[in-house]
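> Turn this into a model:
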Amino acid sequence: MPFTRGNNRHEMDTKTGDMRIGYQWIALSVTTVGVLMASIDGSAVIIALPTILADLQASFITMMWVLLGYLLIVAAIVPVVGRLADILGRKNLYNLGFVIFTVGSLLCGLSLPQFHGVDLLVYRMIQGVGGALLMTNSVVIVTDAFRKGNIGFALGVNGVAFSAGFLLGPLVGGVLTAISWRLVFLVNVPIGIFGTIYGVYKLREPVVPLADQIFDWAGAITFTTGLTALLLAVSLYAFPVTGEWVVYVMCVVTVISFAAFIFVEGRVHQPILNVHLLSNRVFTYATAASGLSGLARGAVLFVLIFFLQGPYGLDPLTAGILLTPFGAALLVTAPISGRLSDRYGARYLATGGLLIDVGALIGMATIVSTTPYWELAVLMALIGAGSGIFWSPNTNAAMSAVQPNERGAASGIRTMVQNTGQMLAIAIAFPLVLSTLPVAVMYHVFLYGGGLSSDPLVLAAFERGMHEAFLVSAAISALAAIISFMRPRHAPHDATPVV
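Sure, this is the predicted structure:
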């Protein structure tokens, strides 16, 4: 039986008193807690992985899948989450995201050695479900709550929370891992409980779903299956944990599922993917630029961690701390660019940010083991600054260009494209950078740091692959900049006027 929602109000009239004065700041604070929790978890887990690998006696590939499994789930289900948000409302799904992420974190912290990391992978995928609910709805909640002219600033503040979490993650991860790696996950539990309670009591629904909305179960199942199979095929090719035949099977499943999806969607009135959103050129160009940007930058930190631990010979914690110029620059530029986009629009700001990334990535393609750290820090700061300048205006343009009752679906599509790009980036960069390394050397670099300088041939192969990966990323960023510049000017739809 199709799920329907019978409510004929599109937006809540704030003049009736249903919304309290200052709600926009409450909405921003609640979503900031979620973004901060997720971003700290992400960078802290990377620092903790070597210790987890040793303690759980897991394989290197299993640990890579602990990272990829989370991204896979997020990318695969966010379109479904976005559509459900337009039917059920953003508040309930966002709070459910807090609950699921918290439960997943608790389970991750209780992983057992006898399963050699496989149970941790499963629990990380549970976290991914919660992360999808949080990420898809946080942008919509903020866009709903703020007036036109302030959305970019609010999204920039969320960007600051992400950067702050990224900066704190290595420090928090290093300190907690020194006590027990399990605390890296368990620390999310009290934060998640607080966020859930805060959201339940403080969040509202400024935009009420349209009447008689039907959820497209057939479309959701076929699309999610197809996208999951596609991402699995690419990832299993780069990070093989099974025979090659599984990759071929996933390719077949992808083709069949997407064919079924196209067949189904031509026969439903309210499809899971709102295709008419793609006729909105501002939204489509902004989403395409976001996906290409994710593809270009998704593996940068992954590659840099291996560079700092390999040729530089640093331990994992020190390597994580030395990545802070990226987050620090994003911390500064995201709110400024967001505010500027409210006044001057997104086109030139977002394109300029991507062009900064292009230059910095080309510079990254010249670094070697003897490159001084200050030069590397400048390049990382430029990538972070470019990312911050791009992200807030681009997200502002995408979300402001659609109708309020379609923002859930729009956010789902945008997040899916962006996270798919990030996941594919790791799958592409891994063969380029690490496939030439002997397994024993790769394991040593990941677990202890160092292990490359003693073998000039291996070091040269690593640096050559790294340079190729950065040049590919620069080319993709350049394409993203072209698409970003091609977006038309637009007059954003007003956000719900909550004051």
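> tell me the mean pLDDT for the strand or helix carrying residue 253?
Following DSSP states H and E, one finds residue 253 within helix 244-265. For helix 244-265, mean pLDDT is 89.
> by contact count, what packs against it?
helix 217-238 (3 or more CB pairs under 8 Å, 6 or more residues apart in numbering; DSSP states H and E). Every residue, glycine included, has its C-beta placed from N, CA and C.
> Check which residues of the helix it packs on are buried.
218-238 (16 or more other CB atoms under 10 Å).
> next one: stretch 330-342
Using 16+ other CB under 10 Å as the test for burial, stretch 330-342 gives 330-331, 333-342.
> Between those, which sits nearest residue 364?
residue 330 (16.3 Å; CB to CB).
> Which helix or strand contains that closest one?
helix 324-344.
> With residue 427 instead?
helix 407-434.
> Just the CA trace of stretch 245-256, in PDB.
Written as PDB, here are the backbone C-alpha positions of stretch 245-256 (Å, rounded to 0.1, in the frame of the first residue of the first chain):
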ATOM      1  CA  TRP A 245      33.400 -12.700 -10.700                       C
ATOM      2  CA  VAL A 246      31.700 -10.700  -8.000                       C
ATOM      3  CA  VAL A 247      32.600  -7.500  -9.800                       C
ATOM      4  CA  TYR A 248      31.000  -8.900 -13.000                       C
ATOM      5  CA  VAL A 249      27.900  -9.900 -11.200                       C
ATOM      6  CA  MET A 250      27.600  -6.400  -9.700                       C
ATOM      7  CA  CYS A 251      27.900  -4.900 -13.200                       C
ATOM      8  CA  VAL A 252      25.100  -7.200 -14.400                       C
ATOM      9  CA  VAL A 253      22.900  -6.200 -11.400                       C
ATOM     10  CA  THR A 254      23.600  -2.600 -12.100                       C
ATOM     11  CA  VAL A 255      22.400  -2.800 -15.700                       C
ATOM     12  CA  ILE A 256      19.300  -4.800 -14.800                       C
END
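> Off-centre distance for it?
Its chain's C-alpha centre and that of stretch 245-256 lie 25 Å apart, by CA atoms, centre = their mean, to the nearest Å.
> got the contact list for that stretch?
With contact meaning CB atoms under 8 Å, 6 or more residues apart in numbering, stretch 245-256 is reached by 225-226, 229-230, 232-233, 236-237.
> One more pass at 6 Å, please.
With contact meaning CB atoms under 6 Å, 6 or more residues apart in numbering, stretch 245-256 is reached by 226, 229-230, 232-233, 236-237.
> Mind giving me the packing neighbours of the helix holding residue 330?
Helices and strands touching helix 324-344, by 3 or more CB pairs under 6 Å, 6 or more residues apart in numbering; DSSP states H and E, are helix 151-179, helix 347-364, helix 373-400.
> Quick one: those helices as JSON lines, columns for mean neighbour count and distance to residue 299 too.
Formatted as JSON lines, the helices and strands packed on helix 324-344 follow (neighbours: other CB atoms under 10 Å; distance: least, CB to CB, whole Å):
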{"stretch": "helix 151-179", "mean neighbour count": "22", "distance to residue 299": "16"}
{"stretch": "helix 347-364", "mean neighbour count": "23", "distance to residue 299": "11"}
{"stretch": "helix 373-400", "mean neighbour count": "25", "distance to residue 299": "12"}
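> out of the buried residues of stretch 330-342, which one sits closest to residue 443?
residue 330 (31.4 Å).
> Could you tell me the model confidence score at the closest one?
83.
> Quick check: phi and psi on residue 215?
phi -90, psi 130 (degrees, to the nearest 10).
> how near is it to residue 259?
Residue 215 is 22 Å from residue 259, where distance means CB to CB, to the nearest Å.
> Looking at the two, which one has more neighbours?
Legend: neighbour count by other CB atoms under 10 Å for residue 215 and residue 259, higher for residue 215 (18 against 12).
> distance between the one helix or strand residue 48 maps to and the chain's centre?
Per DSSP H and E, residue 48 falls inside helix 23-56. How far helix 23-56 lies from its chain's middle: 12 Å, per CA atoms, centre = their mean.
> How about stretch 134-142?
Distance, centroid of stretch 134-142 to centroid of chain: 12 Å (CA atoms, centre = their mean).
> Kindly report the same for stretch 481-489.
22 Å.
> try stretch 263-278
With CA atoms, centre = their mean, you get 25 Å for stretch 263-278.
> same check, this time on stretch 51-69
Centroid displacement of stretch 51-69 relative to its chain, using CA atoms, centre = their mean, is 20 Å.
> next one: stretch 176-191
In terms of CA atoms, centre = their mean, the centre of stretch 176-191 is found 21 Å from the chain centre.
> just stretch 282-302 next, same as before
Between the centre of stretch 282-302 and the centre of its host chain there is 10 Å, according to CA atoms, centre = their mean.
> contact partners of it?
277-278, 394, 397-398, 401-402, 414, 417-418, 421-422, 424-426, 429, 473, 476-477, 479-480, 483-484, 487, 490.
> What subset of those residues is buried?
With burial judged by 16+ other CB under 10 Å, the buried subset of the contacts of stretch 282-302 is 277, 394, 397-398, 401-402, 414, 417-418, 421-422, 424-426, 429, 473, 476-477, 479-480, 483-484, 487, 490.
> just to revisit the earlier point, list just the nearest of the contacts of stretch 245-256 to residue 273.
Residue 273 lies nearest to residue 226 out of the contacts of stretch 245-256, by CB to CB, at 11.6 Å.
> Could you list the domains of the protein?
Per automatic domain parsing, the domain ranges recorded for the chain read 14-205+272-486, 216-271.
> With respect to burial, which of those domains scores highest?
Comparing those by mean neighbour count (mean count of other CB atoms under 10 Å), domain 14-205+272-486 ranks first with a mean of 21.
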